[in-house]
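Participant: Build me a model:
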Amino acid sequence: MGELLLLRPANVLWAYKYLSELWGRKQSDVMHFVQRVRCWEYRQQSAIVRLTRPTRPDKVHRLGYKAKQYNRVRVRRGGRKRPVPKGIVYGKPKHQGITQLKFQRNKRTVAEERAGRKLGGLRVLNSYWVNEDSTYKYFEIILVDVAHKAIKTDPRINWLCNPVHKHRELRGLTSAGKKFRGLRGKGHTHHKNKPSRRAT
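Facilitator: Take a look at the predicted model:
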């Protein structure tokens, strides 16, 4: 009877609630240990890894999960050095900085971009943080195969099949992309953020 009770929808919802609370307490002993073990495992693998199931089922259901493909992508932490040959920057000393420059976009958009370039036939739906250590941040990317019949016939997700959504992660149209563009807010204090901060 106990196994049957676990399959009821109400209990599934409570399980997701429990997982959500657990991920909300990352400093707890349980999560601290689990994350350290997972991080060790991630470091042994390549930069982009295909997954069979999501690490955070509660989070992924909030972001539009319907049994899609997942890839974990690692991104190196820290600033972005200026890519100049042999460190030679021509011009005034004011513009000759190399090391202490900060990248405009967030790490999650970089992870989405790398997954989108690697798997060009799939569309990036969304992504979320899973882990980090002193060197890398790890994100899981939700990717959708728009050529699949099940995707084309599903009214909740087939908007992604439209050609205008090709490589949306490269154009700042995902959730992480809109965040770094400053498009999250509403009201008169955010009028100058649309259509973009450069355009207004």
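Participant: how far is stretch 187-200 from where the chain is centred?
Facilitator: Its chain's C-alpha centre and that of stretch 187-200 lie 24 Å apart, by Cα atoms, centre = their mean, to the nearest Å.
Participant: for stretch 124-135, same thing?
Facilitator: 5 Å.
Participant: again with stretch 163-174
Facilitator: Chain-centre distance of stretch 163-174: 14 Å, with Cα atoms, centre = their mean.
Participant: Let's see that stretch as CSV, backbone CA atoms only.
Facilitator: The C-alpha trace of stretch 163-174 is given here as CSV (Å, rounded to 0.1, in the frame of the first residue of the first chain):
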residue,chain,number,x,y,z
PRO,A,163,11.3,29.5,-37.5
VAL,A,164,11.6,32.9,-35.8
HIS,A,165,12.7,31.0,-32.6
LYS,A,166,15.8,29.6,-34.3
HIS,A,167,18.8,30.1,-32.0
ARG,A,168,16.9,32.3,-29.6
GLU,A,169,19.7,31.8,-27.1
LEU,A,170,22.1,33.7,-29.4
ARG,A,171,19.7,36.7,-29.6
GLY,A,172,19.0,37.2,-25.9
LEU,A,173,15.4,35.9,-26.1
THR,A,174,15.5,33.2,-23.4
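Participant: neighbouring contacts of it?
Facilitator: 109, 112-113, 115-117, 120, 123-127, 159, 177-178, 180-181 (Cβ atoms under 8 Å, 6 or more residues apart in numbering). (C-beta placed from N, C-alpha, C; glycine too.)
Participant: can you tell me which of those are in helices?
Facilitator: 109, 112, 113, 115, 116, 117, 177, 178, 180 (DSSP state H).
Participant: need the contact list for the second one.
Facilitator: Under the criterion of Cβ under 8 Å, 6+ apart, the neighbours of residue 112 are 73, 124, 127, 139, 141, 169, 174, 176, 177.
Participant: now do 7 Å
Facilitator: Counting by Cβ atoms under 7 Å, 6 or more residues apart in numbering, residue 112 touches 124, 127, 141, 169, 174, 176.
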